[in-house]
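# kindly return the folded structure for what I paste below:
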Amino acid sequence: MMTENKRITHLYKLIITLLAFLTLYTGAVSAAERCLNYGKPVSLSGIVEIRVFFGPPNFGEDPETDSRNIQGILFLDKPICTVEEEFNDAEKEQIEVTLIPTGSLDLADFAGRHVTVNGSLSHAHSGHHNTALLLELAGTPKPDAKPNMPEPSKSERKLILDAIRPAAASEAGQAVLIKVDRLNVSHDWGVLIGKLVAADGGDLNWKLAKDCDADLDKMLWVVLNKSSKQWNVKQMDICSPEPPYWYLEDKDLTMPCEVYAGLNNGQKDLEERCRIHSNKPR
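Purely as a prediction, here's the structure:
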């Protein structure tokens with residue numbers, strides 16, 4: 001017969017085993033509940049990136065003749081997982097989702113922007129899909145509101161645009177106008193994000209531009225500095241296929257922190273990173 005101490009020890013071990021099982025079971029259920037279901041409404045946030053994928057006949061081995069498939073990819077704020085269904089595999093740690101727009105929606109208008117999108121997920125099922133997960137959009141992506149940033153005066157803005165335009169026209173090989181999406185200025189430093197258009201407001205002939213691929217997204221990125229009351233272009237890319245600020249490391253954030261307002265590399269706001277890692281003017 002078991003002694004009283006042995007019975008207590010046996011009961012204690014049984015309780016511990018049950019508690020451990022319940023913990024594992026609860027954790028598995030909680031993890032499954034956090035995963036997303038295919039075909040159900042979901043809301044995701046991240047940065048829109050426009051990518052070009054080569055197709056037939058040689059799938060990138062001969063870019064001059066291969067077809068090109070331009071797709072909008074959402075680089076998510078955090079990885080997601082999905083629940084397995086009859087025709088859709090379960091996925092884990094997915095950080096990218098292909099956006100499937102409806103109607104005439106042009107995802108290029110949101111390139112480089114941090115957005116929130118609504119829609120329903122499905123799994124990739126053909127060679128034309130370049131991410132495991134697809135999101136069929138229900139409506140238009142909602143960009144983050146631009147943070148309050150003191151705008152330069154009209155006269156200062158004109159000086160900045162006048163400093164950029166000749167250099168941009170030279171690289172583009174034609175007269176240009178500048179469409180400004182963001183202009184951050186602080187302590188004689190400035191960053192302009194936008195795009196170039198033709199002098200008549202239409203599309204540029206990108207075949208005339210230097211080192212620009214006509215099929216890729218084209219962001220205008222300019223860094224300026226003011227010296228002796230004159231703005232000077234320090235860095236410029238007239239047809240960047242991806243936002244250059246995505247690749248800025250902490251050591252690169254050398255301008256006044258306000259200049260980075262509203263710029264996000266998918267991990268953290270660059271202005272916030274700048275303030276953490278430096279003592280630039282506020």
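# from here on, just use CA atoms for contacts and neighbour counts.
Fine.
# correct me, but residue 132 touches residue 123?
Yes. Between residue 132 and residue 123 there is a contact under Cα atoms under 8 Å: 6.0 Å.
# neighbour count for those two, which is higher?
More neighbours surround residue 123 than the other of residue 132 and residue 123, with 22 against 18 (other Cα atoms under 10 Å).
# need the contact list for the more buried one.
Residue 123 makes contact with 38, 88-89, 132-134 under the criterion Cα atoms under 8 Å, 6 or more residues apart in numbering.
# and the gap between the closest residue to residue 92 other than its chain neighbours and residue 133?
Closest residue in space to residue 92, ignoring its immediate chain neighbours: residue 81 at 4.3 Å, by Cα to Cα, 6 or more residues apart in numbering. Separation of residue 81 from residue 133 (Cα to Cα, to the nearest Å) stands at 10 Å.
# higher neighbour count, those two?
residue 133 (24 against 18).
# how about the contacts made by the more buried one?
94, 96-98, 121-124.
# mind listing the residues bridging to it?
residue 123 (DSSP bridges).
# per-residue pLDDT, it?
pLDDT for residue 133: 95.
# distance of it from residue 35?
The spacing between residue 133 and residue 35, counted by Cα to Cα, is 13 Å.
# poorly predicted segments of this structure, please.
Scanning the chain with the threshold set as pLDDT under 70 gives 1-33, 59-63, 127, 145-150, 265-268, 278-282.
# strands along that one, start to end?
Assigned by DSSP state E, the chain shows strands spanning 41-54, 68-82, 91-100, 114-123, 133-137, 142-143, 176-186, 189-198, 219-227, 230-240.
# distance to residue 107 for those - can I get that in CSV?
Below are the strands of the chain laid out as CSV (distance: least, Cα to Cα, whole Å):
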stretch, distance to residue 107
strand 41-54, 8
strand 68-82, 6
strand 91-100, 8
strand 114-123, 11
strand 133-137, 11
strand 142-143, 12
strand 176-186, 16
strand 189-198, 15
strand 219-227, 14
strand 230-240, 16
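# residue contacts, the residue nearest the centre of the chain?
The chain has residue 47 as the residue nearest its centroid, 2.2 Å off, counting by Cα atoms, centre = their mean. With contacts taken as Cα under 8 Å, 6+ apart, residue 47 has the following neighbours: 74-77, 111-115, 266.
# ok, and the closest non-adjacent residue to it?
residue 114 (4.3 Å).
# wait, that neighbour touches residue 77, no?
No. The criterion here is Cα under 8 Å, and residue 114 misses it with residue 77 at 9.2 Å.
# quick one: which of the two has more around it?
The neighbour comparison of residue 114 against residue 77 (other Cα under 10 Å) goes to residue 114, with 26 against 17.
# now that one: how far from residue 231?
29 Å.
# for residue 227, name its beta-bridge partners.
residue 230.
# mutual contacts of residue 81 and residue 133, please.
residue 94.
# which residues does the closest residue to residue 107 other than its chain neighbours contact?
Nearest non-adjacent residue to residue 107, counting by Cα to Cα, 6+ apart: residue 72, 6.1 Å away. Residue 72 makes contact with 48-51, 98-100, 107-108, according to Cα under 8 Å, 6+ apart.
# let's see it at 10 Å
Contacts for residue 72 (Cα atoms under 10 Å, 6 or more residues apart in numbering) come out as 48-52, 97-101, 106-108, 110-111.
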